[in-house]
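Trainee: quick check, what structure comes out for this input:
(2 chains)
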Amino acid sequence: MNPRHSSLAPIRLNKVPDVAPSFWIIKIMSTTVGETVADFLAVGAGWGQGLTRMVMAVLLAAALLLQLRTRRYTPWIYWLTVVLVSVVGTQITDLLTDGLGVSLYLSSAVFSVLLAAIFGVWYRGERTLSIHAIVTRRRELFYWAAILCTFALGTAAGDLATEALGLGFTWGVVVFGVLIGATFAAWRLGGNAVLCFWIAYILTRPFGAALGDLLTQAKAYGGLGLGALWTSALFLAVIVMLVGLAQSGVNSGRPAAAAN
Amino acid sequence: MLTRFARHRSALLVPLALSLVLATACSKPAHQAGTGPATAQAASRLGDLSAFRSVAADVAAIVDKGDLPAAKARIKALELAWDSAEAGLKPRAADDWHVLDKAIDKALSALRADTPNQADCKAAVAGLLKTFDAMQGQV
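Mentor: Below is the predicted model:
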């Protein structure tokens, strides 16, 4: 192997995508797709929660390995990793809630504290939490740890809203959508960009789940009655189109997002 | 050039999606949508559970005949229907949902045991039917 390309060479290009509208659309939709696949395996295919969890954890490890080893942002690998992190993050919370009987209040609080701790250690070591500068392996590991935590936290917070407030998916879309909008507005009005990004990122988990439910659930429950299969097919088609566009942009030698 | 166009095009999806959502949110009544001629007997805090209960009743009948593999196959339909309706049902009465979910799980475990026991299965499914009945009439 050429020593110049050894894993000790500093990664100079940003390993994560620009935060454009397509970023948020793919992120929101990938939550639904990931959950549908996991649910299909656990229930539909009869694998059970235990086996599905193990399989997803192994797949995540493999995807993360691929992602960490790329030298620049590679859309299909990045987004595959996001989908798998989404599934595993959700499964962690579900394991705590359903398997171990942990209260959603407790898990929400613990994941919040854990996320703050991840940011604390990240900031202390790197002096920046900017996601436009994920250019070292250390930062990338912090990034993915934070992403995993946001999915676990987002799941817990969303489930808590459902159980404690009886918040159904229709109002869930409205409430979480408004909160995301407010976060966006706060950013445009001069709020801290990094803080706004991560808050919005957490909120897109329950928003995505509610949106998926809105399309999936039967009309009798107030949904559009599309069912899990067609909703996932639709979302997957949009994801593939947007990731394909991003991938072709990267392949055609468009200048990669350099560290700011 | 392509990326700028792509950025605008994907940004269009956001207001489109939001409009769809708002239209749906505004057109659905705030109270639970009914499922048809739900009699006072079938109503519960979770809504009309009659479809789920009737599958459970089928399973009970098959268990009574002693055909446990057939009962295991039939109860899968209940598991799938119950699981896919979770997002619609749970917000209506989360505590009730959990009680019924546990009862269904109990019946599933009994029928899916390595060596299913007739008495255990009968008891678990009977318990499930009792749970359904306990919920009904409690609007």
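
Trainee: quick check: the residue of chain B nearest chain A.
Mentor: For chain B, the residue closest to chain A is residue B:88, as judged by C-beta to the nearest C-beta, at 2.7 Å. Backbone N, C-alpha and C define where each C-beta goes, glycine included.

Trainee: can you give me phi and psi for that residue?
Mentor: When quoted as degrees, to the nearest 10, the phi and psi of residue B:88 stand at phi -80, psi -30.

Trainee: so how many other residues sit close to residue A:192?
Mentor: 12 (other C-beta atoms under 10 Å in any protein chain shown).

Trainee: actually, residue A:77.
Mentor: Count around residue A:77 with other C-beta under 10 Å applied: 18.

Trainee: in the host helix or strand of it, what's buried?
Mentor: Assessed by DSSP states H and E, residue A:77 sits inside helix A:75-94. Buried residues in helix A:75-94, counting neighbours by 16 or more other C-beta atoms under 10 Å in any protein chain shown, are found at A:75, A:77-94.

Trainee: which pLDDT value goes with the closest residue to the residue of chain B closest to chain A other than its chain neighbours?
Mentor: Closest residue to residue B:88 apart from its sequence neighbours, by C-beta to C-beta, 6 or more residues apart in numbering or on different chains: residue A:221 at 2.7 Å. We have a pLDDT of 95 for residue A:221.

Trainee: what is the burial count for residue A:221?
Mentor: 25.

Trainee: what do you get for residue A:69?
Mentor: The number of residues packed near residue A:69 is 11, by other C-beta under 10 Å.

Trainee: do residue A:137 as well
Mentor: Residue A:137 has 15 nearby residues by other C-beta under 10 Å.

Trainee: please look at it and residue A:69 and confirm they touch.
Mentor: No. Look at residue A:137 against residue A:69 with C-beta atoms under 8 Å: they stay out of range, at 9.7 Å.

Trainee: make sure residue B:47 is indeed in a strand.
Mentor: No. Looking at residue B:47 with DSSP: H, G, I helix; E, B strand; the rest coil, it is coil, so not inside a strand.

Trainee: wait, it sits on residue B:92?
Mentor: Yes. Residue B:47 is within contact range of residue B:92, at 6.0 Å (criterion: C-beta under 8 Å).

Trainee: chain neighbours aside, what residue packs nearest to residue A:13?
Mentor: residue A:72 (4.1 Å).

Trainee: quick one: the one you found and residue A:15 touch, right?
Mentor: Yes. Here residue A:72 reaches residue A:15: they are 7.0 Å apart, a contact under C-beta under 8 Å.

Trainee: right, I'll call it a day here.
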